[in-house]
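Novice: here's my sequence, what's the structure:
(chains A and B)
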Amino acid sequence: MATSIPRVEDAREVLKKHKIVIAGVGETEQGKIPNKSSFQFLSEASKLAIEDAGIKKSDVDGLVTAFSLVEHTFMHCTTFADYFGLRPRYFSSIAIGGATAVWMAAEAAMAIASGQAEVVLCVRGDNTLSGISSSGMVALIREMCHAEFEFPYGLTTPGGYALAAQRYLHEYGLKREHLAAVAVTMRKHAGMKENAMNKEPLTIEDVLKSRVIAEPLSKYDCSIISDGGAAFIVTTEEKAKTLGIQKPLAYLWGMGQGYSHQYLTTLKDLNQIYNAVESSGQRAFQTAGISTKDVDIAFLYDCFTITVLLEFEGLGFVPKGEGGPFALEGRMEIGKDLPVNTHGGLLSQAHLGAMHHVVEATLQLRGEAGPRQVKNAEVALVHGNGGIVSAHSTILLGKQPLS
Amino acid sequence: MSEKATTQSGGYQKPLPEFRPETKPFWDGCKRHELVLPKSRTTNEFFFYPRAVSPGEDMTQDIEWVKASGKAKVWTFAIHHMGPTPAYKNEPAYVVALVETQEGVKMMTNIVGCDPKDVHIGMDVEVVFDDVTPEVTLPKFQPTSK
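Specialist: A predicted model of the protein is given here:
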């Protein structure tokens, strides 16, 4: 029966018609880099992405930014447009925590598909490690939980994830080793990435013996904090040709979001989280017309080791409770069943939300990932997570146009 | 407008809740050492944390405060070795837990009155009130006395 109510399958036609692509990527140096401001990192990353695409700054007519944990702005996107000397006709700031970077690509695509812009710069940068004050850090931890009903009990952000991890280990009869394996894999991958902060090899034993933060999570179960910036440029295949972009293009195949809760207090059970992840992934898969078995390489938000397992299972790569054993068997490594976060992720490379996940997915599909290159990488999935496994976003990228 | 409990009397330096009009009855109850929970009069369902409007499909503002049993089970917990503010600096490890009350809502809390190592999922706990400042009483939970 004909209906005028848009469905997710319609997005497939839109993506097929317009051939939305990521046409340029850039990442600045990552690490402890004092004396560079948040807006400097944003500018440097933007310049790198524009140069990577080989276009002019004035070709950019859309801007999607996120937020800063250091420089608090009321209107982040336009504040940056002013700083960088950009005059976009479409602009937006996305603030859904770690789900932001992935959704930047989706929002840019929707802006392009509705004729609002043709070349959208998506950028995030921050001097989080060097620039955040101790009171700023406390404010951030406070905001990550319910200030009135959770924070007074001394709940921390790692503690929130530890609550999820404890329940996960309990329900599936798993051990800390299963979490630790994720950290070990990320570190192994970061060792092959030049622009990574932590490259020293790590063993399961090292993770288990590292300083306990919030049981069952210890230091190496937690992501790093870093300074740096990263950017990517979203446009259409045709516009890329018009602009003479030479780089191989990464095609957007699908996108979706999923919401579980904001505060753990209102979480019913682990299934609520799985369902949110599944809903996010499912809409991306439905749009692309593919399934998990078609994915060659996955980029999963890894703010903590537990996050990766919940996402991996929620997305349907393995049944619930089997992500831990999958990781422990080393099957997330490059060259194995399904390489995850070939750049080392938030656990070992750098922490800029999922910006580097999107950048690395693009590099892999281009065949430009150097020693980390996954052979025959045709389809990549990128998943972002904001809050305490609260807000989810997924995109699928292909080496070829969606057919 | 939030009514800020700013008094750090008795040297209490840890984070305190800021009351809102819709949450005040909860904190007033705690001060009387009574655990009261909000319940929609339309659906007869408890919810937590307190809101001015029921988060259910009913969206009602007809909310009743009901004295709870104070009994709960530990749903999950995390032994914190690092706290969120400088006030926790020399604090021994403490247990932050999500407990499920008999009324069916979850509450974030601390498990007190036992060794953190003895806390486990499914453990029976009961409410105990901690008067942390003259203005603020935090409901916490301890193992149920047999």
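Novice: pretty sure B:Phe129 contacts B:Lys140?
Specialist: Yes. Applying C-beta atoms under 8 Å as the test, B:Phe129 and B:Lys140 come out as touching, 7.5 Å apart. (C-beta placed from N, C-alpha, C; glycine too.)
Novice: more neighbours: the two, which one.
Specialist: Using other C-beta atoms under 10 Å in any protein chain shown as the criterion, B:Phe129 and B:Lys140 rank with B:Lys140 on top: 21 against 17.
Novice: where's the more buried one relative to B:Phe46, distance?
Specialist: Between B:Lys140 and B:Phe46 the computed distance is 20 Å (C-beta to C-beta, to the nearest Å).
Novice: what's the answer for A:Val379, then?
Specialist: Applying C-beta to C-beta, the value for A:Val379 to B:Phe46 is 46 Å.
Novice: between the two, which has more neighbouring residues?
Specialist: Between A:Val379 and B:Phe46, counted using other C-beta under 10 Å, the more crowded position is A:Val379 (20 against 17).
Novice: which ones are touching the more buried one?
Specialist: Going by C-beta atoms under 8 Å, 6 or more residues apart in numbering or on different chains, A:Val379 touches A:253, A:290, A:294-297, A:396-399.
Novice: swap in B:Lys39?
Specialist: Contacts of B:Lys39 by C-beta under 8 Å, 6+ apart are B:45-47, B:63-66.
Novice: try it again with 10 Å
Specialist: B:45-48, B:54, B:62-66, B:68, B:103, B:105 (C-beta atoms under 10 Å, 6 or more residues apart in numbering or on different chains).
Novice: again with A:Trp253
Specialist: Going by C-beta under 10 Å, 6+ apart, A:Trp253 touches A:12, A:15-16, A:20, A:284-285, A:287-290, A:294, A:379-381, A:395-398, A:400-403.
Novice: where's it relative to A:Ala380, distance?
Specialist: For A:Trp253, the distance to A:Ala380 - C-beta to C-beta - is 9 Å.
Novice: what touches both of these two?
Specialist: In contact with both A:Trp253 and A:Ala380: A:395-398, using C-beta under 10 Å, 6+ apart.
Novice: for chain B, which spans come out with low pLDDT?
Specialist: B:1-10, B:146 (pLDDT under 70).
Novice: now the helices for it?
Specialist: Remark: helices assigned in chain B by DSSP state H are B:24-31.
Novice: biggest strand in it, by residue count?
Specialist: Looking across chain B with DSSP state E, the single longest strand is strand B:71-80.
Novice: now do that one: distance to the chain's middle.
Specialist: Taking C-alpha atoms, centre = their mean, to the nearest Å, the mean C-alpha location of strand B:71-80 is offset from the chain mean by 12 Å.
Novice: equivalent analysis for stretch A:166-177, please.
Specialist: That offset, for stretch A:166-177, works out to 25 Å (C-alpha atoms, centre = their mean).
Novice: check which residues of it are buried.
Specialist: By neighbour count with 16 or more other C-beta atoms under 10 Å in any protein chain shown, stretch A:166-177 contains the buried residues A:166-170, A:172, A:174, A:176-177.
Novice: endpoints of it, how far apart?
Specialist: Length of stretch A:166-177, first residue to last, C-alpha to C-alpha, to the nearest Å: 13 Å.
Novice: so that stretch, near chain B or not?
Specialist: Yes. Using C-beta under 10 Å from any C-beta of the partner chain as the criterion, contacts between stretch A:166-177 and chain B involve A:166-171.
Novice: for the stretch 101-250 of chain A, which residue gets nearest to chain B?
Specialist: A:Ala162 (3.5 Å; C-beta to the nearest C-beta).
Novice: chain A next: which of the contacts of B:Lys39 are close?
Specialist: Restricting the contacts of B:Lys39 to those near chain A - C-beta under 10 Å from any C-beta - leaves B:47-48, B:105.
Novice: show me the residues you listed that map onto strands.
Specialist: Per DSSP E, these never map to strands.
Novice: the one residue in chain B that gets nearest to chain A and A:Ala196, how far apart?
Specialist: Chain A sits closest to B:Ala78 of chain B, with a gap of 3.5 Å, by C-beta to the nearest C-beta. Distance, B:Ala78 to A:Ala196, using C-beta to C-beta: 29 Å.
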